[in-house]
Each structure stands twice: as structure tokens, then as C-alpha cells.
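*Asks:* following is a predicted model, sequence given first.
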Amino acid sequence: MYTRRQIFLQHVAQTSPTPPALDIARAKGVYLYDQDNKKYLDLISGISVSSLGHGHSEILEATKAQIDRHMHLMVYGEYIISPQIKLAQELSKQLPEQLSTVYFTNSGTEATEGAMKLTKRFTGRTNFVSFRNSYHGSTQGALSICGNEWLKNAYRPLLSGQTILDFNDESQFNLIDQHTAAVFVEPIQAEAGIILPENNFLEKLSAHCKKVGALLVFDEIQTGMGRTGRLFAFQHYNVVPDILLLGKALGGGMPLGAFISSSEIMKTLSHDPILGHLTTFGGHPVCCASASAALEIIVRDKLAEIVIEKEKLFRKLLVHENIRIIRGKGLLLCIEFESEKFNQDVIAKCYDKGLITDWFLFAANCLRIAPPLIISDLEIEDACRIILEAIDEVKKEF
């Protein structure tokens, strides 16, 4: 008789040699429960997805109500589907006027792919610029503009015409020129270990893009929906992108992404050729219903504003001689340790103690903190206690 773990390893495709393989039976609020009813405090929200926790009653109610009405009807953009138009309108109300037209996708990486096509179509150009240690998804187009060679090398050849610059280095702007269709940038780099823009970098980047006629695309797949202390991270800075990418938390726990732009830019997908970008399930009505409920809760309950106070509490409590620095904004934080091994050992001990955390794709010596936005002060205190205990135990073993 095979165990559940053996079946998982044999029949579910693996993307890492040693997955944690937690066997979760249920989840509620900020907690996950395994088959033995062991409780885990979720400090990463499924990588910034479950921003309102697990099993939020209003999201469940909206999702179930839509299931009772209907599920899939037709490929994207052909029928008037109430949850789609409701969510698109609600998003537009929260965004600057030039970001008023929404194309829904199934995921963040698909939002990247759609935006890449859109910028080529609108500008008539073919080249892209992105930044070192940026991450925009794993499909081949998105991977082509990824800023990490280690992740890309096994899958070459990828798209040509890509230029990778250093984040926060304006001296390289001359490489953004009249051949550049778009610059893709995370306003706050996530998988690099939460790197913030410095010295008005984004404002200067926007000005240069306008000067050479390149579109500016902000990837807020991980930073959007209140995580950094504003509904969207670009709102911290004096700049508005030409295209905004969303995903992860957008769906309220359901799979949903989007790229958002002006009607002038977006309408180029509708002609020469018609059906210039297609998706069967993008903007699925059940996912859009869940997303609308989540957006309403975040805005109504002012969760983005509350996030800043929760960040302060994490920073106040997480003081230890083995913590090199804490970087980040809002509830997207990074604890940097001396080495990858030290970090992995801390993460393992956190798991043992009932706390789920993780590392960063391009910063393996850094521990991720990205809990549900609804996490309470007492739960933050509990999480910090466990992390500090884990650090002390690892320190003794080093």
C-alpha cells in the first residue's frame, strides 16, 4: 500500500528535488492543518496569494453564489459576463484614468505574455528591457525577460532582443532606445529579496521611457492588492505605468491574473488580426466573483493602511544578532541571514514548530515574510517568537 506521500511523489510532477510535502487537510484564517491536525501558521500566503487568509466567509459566499448561477460560458471577451464586467469596473475605479481597460488571464505569467504581445503590437517594436533578478513568470516569453541566467539557461533558445539592466542603476538607461517596445519592471523586486527602488529610480525610468517611446510595464503580480501598504505598490511612487500586471492575490484564492492598460493601447488586440490575443478560461466567472469580493474587503476594511502598522510590529520584534537586515515594505518582508544553509535550517525548524515560511528564488539566504493581511498582532508575536527560537537553535548548531 502506497502512502499519500509516495503517491504524491510518483504521480504529481515535481519542480524541486525535496518539496516540503505537507499534507494539508483544511485551512482557516491564517492557519493550515495537516492530516494529523497539526496547526501551521501560514507566513507566506501560498506566495502572496491568500491575502485574506483561508476560507474567508464573504469570498466563499460570493464564489458559491456564482457557481449556482453559471460557470464557463464562452472564450474570453465574446459574451457579457457579469462578474467580469463588475470586477473590471471595480479595478478601474481604484486606478488612474489611463488604466481603465482590463484583460483577464488565468495567471500572472499569462498576464506577462499578453502584455508582451500588446506592447509589440502597439509600438511596432520587438525588443524588451527588464532587470537583473526580476521574475515575471515561467512560460517561454516571460522566462525570456527573467533577470536570472541560472533559471533560463536550461531552456534556451528563448526570445531574442532582450536586454537585462541593473535595478536602481539609471546610468544604463541609454540601453532603452527607439527599438525598445517595453520595459518590464517590478516596482519592488520580490524574488531578489525585496529590493526597493532608490533615488527616484522609477520616476526617472518612466521619464526616459516616454522620451524614447517605450511602454512602461509594472509587474505587480506579487506586490499588488494591498501587500505593500497601498492597494498597488506604484502608488508609493510618483509614476503611473502604461500597463499594469496583476495576479496571485487578485483572485482572492482563485486562479486569476490581468494586464491593464488604456483603451487606446488595448484595442490594438482586436484588429489586424482580429482575436489578437485569446484565452479560453481567463476571467472565469467564478474566479472574478471571488476577486470582486476580495477587492471589496481590502478597500472597505482599509487593509492596505493597516499593513503598515503590522510591518512595524514585525520589525520591532525581529531583532537578533544573526539577522543581517530586514528589507521590504508592508507585509512583504525579507530577513537576510549569513548563508543559504543557515536560512534553510531556520526554515526547517520553523516548519517543525508549526510556522510556514520560505526562501526567495534569487536570494536563497533570505527568509520570506508575506502573511495574510488579516494576521493579528498576537499572531505576529507568535510568528516572531518561533522565528527567533529557530534562529537560536540553528546558531547553536553552527
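*Replies:* Perfect, thanks for sending it.

*Asks:* okay, now T163: neighbour count?
*Replies:* Residues lying near T163 (other CB atoms under 10 Å) number 17. Yep, even glycine has a C-beta here, placed from its N, CA and C like the rest.

*Asks:* isn't there a helix covering it?
*Replies:* No. If the criterion is DSSP: H, G, I helix; E, B strand; the rest coil, then T163 is strand and not within a helix.

*Asks:* who touches it in this structure?
*Replies:* T163 sits next to 127-130, 175-176, 180 when contact means CB atoms under 8 Å, 6 or more residues apart in numbering.

*Asks:* the same query, at a cut-off of 10 Å, please.
*Replies:* T163 makes contacts with 127-131, 145, 172, 175-177, 179-180, 183, as judged by CB atoms under 10 Å, 6 or more residues apart in numbering.

*Asks:* then S50?
*Replies:* Applying CB under 10 Å, 6+ apart, the residues near S50 are 27, 29-30, 32, 42, 44, 56, 59, 248-249, 252-253, 294, 370-374.

*Asks:* restricted to helices, list those residues.
*Replies:* Judged by DSSP state H, the contacts of S50 include 59, 294 as members of helices.

*Asks:* tell me where the stretch 1-150 of the chain has strands.
*Replies:* Secondary structure of the stretch 1-150 of the chain (DSSP state E, counting those that start in this stretch): strands located at 24-28, 31-34, 39-42, 101-105, 127-131.

*Asks:* dump the ones you listed to CSV, plus mean neighbour count.
*Replies:* Listed next are these as CSV, based on neighbours: other CB atoms under 10 Å:
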stretch, mean neighbour count
strand 24-28, 13
strand 31-34, 17
strand 39-42, 19
strand 101-105, 24
strand 127-131, 24
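
*Asks:* in this structure, which helix is the longest?
*Replies:* Max-length helix for the chain by DSSP H is helix 377-397.

*Asks:* which helices and strands does that helix pack with?
*Replies:* Contact here means 3 or more CB pairs under 10 Å, 6 or more residues apart in numbering; DSSP states H and E; on that basis helix 377-397 packs against strand 39-42, helix 303-317, helix 340-352, strand 355-356, strand 363-369.

*Asks:* can you redo those as CSV with mean pLDDT and distance to I195?
*Replies:* CSV is the format used below for those (pLDDT from 0 to 100; distance: least, CB to CB, whole Å):
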stretch, mean pLDDT, distance to I195
strand 39-42, 98, 24
helix 303-317, 97, 16
helix 340-352, 98, 17
strand 355-356, 98, 24
strand 363-369, 98, 9
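
*Asks:* adding distance to A111, write those out as TSV.
*Replies:* Converted to TSV, the helices and strands packed on helix 377-397 look like this (distance: least, CB to CB, whole Å):
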stretch	distance to A111
strand 39-42	24
helix 303-317	21
helix 340-352	29
strand 355-356	26
strand 363-369	22
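
*Asks:* please look at G124 and A181 and confirm they touch.
*Replies:* Yes. Contact status for G124 versus A181: in contact at 8.1 Å, counting by CB atoms under 10 Å.

*Asks:* overlap in contacts of these two?
*Replies:* G213.

*Asks:* looking at those two, which has the bigger crowd around it?
*Replies:* A181 (23 against 9).

*Asks:* ramachandran coordinates for the closest residue to the more buried one other than its chain neighbours?
*Replies:* In this structure, A181 finds its nearest non-sequential neighbour in R125, 3.8 Å apart by CB to CB, 6 or more residues apart in numbering. Here is the backbone geometry of R125 (degrees, to the nearest 10): phi -110, psi 170.

*Asks:* for burial, what's the neighbour tally of R125?
*Replies:* 19.
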